[in-house]
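Engineer: Have a look at this fold, sequence not included:
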């Protein structure tokens, strides 16, 4: 390259500036598209080029990749003991566990500690359905189990709930766990006797430590092996760079202000400065160019597309008088039979409810909820198309419930409904939702639900948590920036923020100071009038908590609303939580005018001269504050004389 053979790239941008650079990849390169002209890779991280590289260019790329991996190699030492389940004892397991932990504690290898796992391996041959059935049976009883395919044979790996640490759990307790497992699998048809395994894994940085620990494990009866690889933390920068670089590219566009999800808190003026796709977008301080807008739209669309989920939503409604435990068992069976690789039915959401129709008689619905079910918290009143319904949850669990228990729950619900006057007979409704990353899988599951009698559809969606992930990354970046103005943006210290997305802190402070100067009032005078009023209202509130109730204090009425959380000061000041967890309303009894604000505003005005920005709903307008609070005394007197 231009810098010669000795040039070493210092950042990913140096590599990206090499002509023909196409992109980065982590672990595995995408081979679905056109084959690149050049690929440079080291330890699972690499990049592709649309042209052949010169020897100097290839050396520069390899040098960059190796430089970040240099000195980061570590070793994974693993040891395994296998024995027929019938032959192991609690004492045997305790000794093996002590041997594994004793190395770390007594072997002089620093703070290295092993991971130690115990499990039982059940062999089902080609009978995958039998393995799945047993897994479903074990889950409600507290066992974590996985179905594994090895060379066409299916195994159920049952994790023993045995303490992994040397100092926890006696040999007798371990023996009890083993006996319980033996009973659980006693009637299971297996292709081979069950095998007990203990697996110990170590991550060590020095080869000498590996050999020393390996000698201990070999002596204790473990079968050992060693893997060498680059430490994950040393590669993390590359993984983050590859995955988040498109986001950084958008944030580096001139005028970029910030990301948002859902509805913006305040109007932002020119809509040409907003780029949005499916309620996820960003704001610029100026209208982006056509190319910039296209680039931003492309990023947002790709982000949404990559995080799409396909949710199967199904429902079934039957008269309460006709449904039985067998009907519900049929739905649960359909759910378990619909399991696919990597998608456990335990991640599905299934809810049963008794639906009572009261027509237009909402008062009757409210009375029923108060009188009949005072101890039932999961009952709600729903208004739909002018009709009122009460939905009372029917407590049916996904796992471990016998048909007789379901019948009893249904019968109890029937008895509760016996004396209730309804417009139509009560019904039971089952609502099911199950989310998948692939539409084809969702469609296949939907078909199975329809075959079981449910009405089902596939809905394409992007979860709010996925959209918020982008906003959260932006929040973390702003918090780390050390800028007070960044900390004030919406979604950083609070969802509403202290400033609008485009507002500048200095501009807000200067404008509000100018407003107060024109009125002949200082920030200290505003704070000194607010502090005793709000402080007295807080004291009265804590003596007799009545949220929203007004307290008469001199010529004012003051109400307090208490929140569960507290609000931090953007300047990182220590503020009493009694002030930072409330909102207030002050009403001037002479004029009827009101002033609303957060308790923290008293501190912000007194210490920082800050009334919050116009782009947030928590702003206290300084002119309004002066008028409601009657400042200054001479000005207020003139108003009264008028």
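Structural biologist: Yes, it's here. A quick note: this is a predicted structure, and the numbers were derived from the prediction, not measured.
Engineer: Which parts of the stretch 501-642 of the chain are helices?
Structural biologist: Assigned by DSSP state H, counting those that start in this stretch, the helices in the stretch 501-642 of the chain fall at 505-519, 523-543, 577-580, 600-608, 622-629, 633-641.
Engineer: oh sorry, the question was meant for the stretch 1-150 of the chain
Structural biologist: Along the stretch 1-150 of the chain, counting by DSSP H, counting those that start in this stretch, helices occupy 12-16, 55-69, 90-106, 128-138.
Engineer: mind putting the ones you listed in JSON lines, distance to residue 212 and mean pLDDT included?
Structural biologist: Where C-beta positions appear, they are placed from N, C-alpha and C, glycine not excepted. As requested, the helices of the stretch 1-150 of the chain are arranged in JSON lines below (distance: least, CB to CB, whole Å; pLDDT from 0 to 100):
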{"stretch": "helix 12-16", "distance to residue 212": "38", "mean pLDDT": "76"}
{"stretch": "helix 55-69", "distance to residue 212": "25", "mean pLDDT": "84"}
{"stretch": "helix 90-106", "distance to residue 212": "8", "mean pLDDT": "65"}
{"stretch": "helix 128-138", "distance to residue 212": "39", "mean pLDDT": "79"}
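Engineer: Would you mind putting the ones you listed into JSON lines with mean neighbour count and distance to residue 497 alongside?
Structural biologist: Compiled in JSON lines, these are given as follows (neighbours: other CB atoms under 10 Å; distance: least, CB to CB, whole Å):
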{"stretch": "helix 12-16", "mean neighbour count": "15", "distance to residue 497": "32"}
{"stretch": "helix 55-69", "mean neighbour count": "17", "distance to residue 497": "37"}
{"stretch": "helix 90-106", "mean neighbour count": "18", "distance to residue 497": "48"}
{"stretch": "helix 128-138", "mean neighbour count": "18", "distance to residue 497": "47"}
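Engineer: These: which one's closest to residue 614?
Structural biologist: Counting by CB to CB, residue 614 lies closest to helix 12-16 out of the helices of the stretch 1-150 of the chain; the figure is 38.0 Å.
Engineer: hang on, the earlier thing: save the helices of the stretch 501-642 of the chain as JSON lines, and put in distance to residue 115 too.
Structural biologist: As requested, the helices of the stretch 501-642 of the chain are exported to JSON lines (distance: least, CB to CB, whole Å):
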{"stretch": "helix 505-519", "distance to residue 115": "49"}
{"stretch": "helix 523-543", "distance to residue 115": "49"}
{"stretch": "helix 577-580", "distance to residue 115": "41"}
{"stretch": "helix 600-608", "distance to residue 115": "46"}
{"stretch": "helix 622-629", "distance to residue 115": "60"}
{"stretch": "helix 633-641", "distance to residue 115": "72"}
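Engineer: looking at those, which one has the lowest mean pLDDT?
Structural biologist: Among the helices of the stretch 501-642 of the chain, helix 633-641 has the lowest mean pLDDT, at a mean of 46.
Engineer: Angles on the backbone of the residue nearest to residue 274 when sequence neighbours are not counted, please.
Structural biologist: Excluding the flanking residues, the one nearest residue 274 by CB to CB, 6 or more residues apart in numbering is residue 283, at 5.6 Å. Residue 283 adopts backbone torsions of phi -120, psi 140, taken as degrees, to the nearest 10.
Engineer: pLDDT weak spots in the stretch 451-600 of the chain?
Structural biologist: Scanning the stretch 451-600 of the chain for pLDDT under 70 picks out the ranges 464-466, 469, 472-482, 547-548.
Engineer: Return the set of residues that bridge with the closest residue to residue 207 other than its chain neighbours.
Structural biologist: Spatial nearest neighbour of residue 207, chain neighbours left out: residue 75 (6.7 Å); criterion: CB to CB, 6+ apart. Per DSSP bridges, the residues bridged to residue 75 are residue 204, residue 228.
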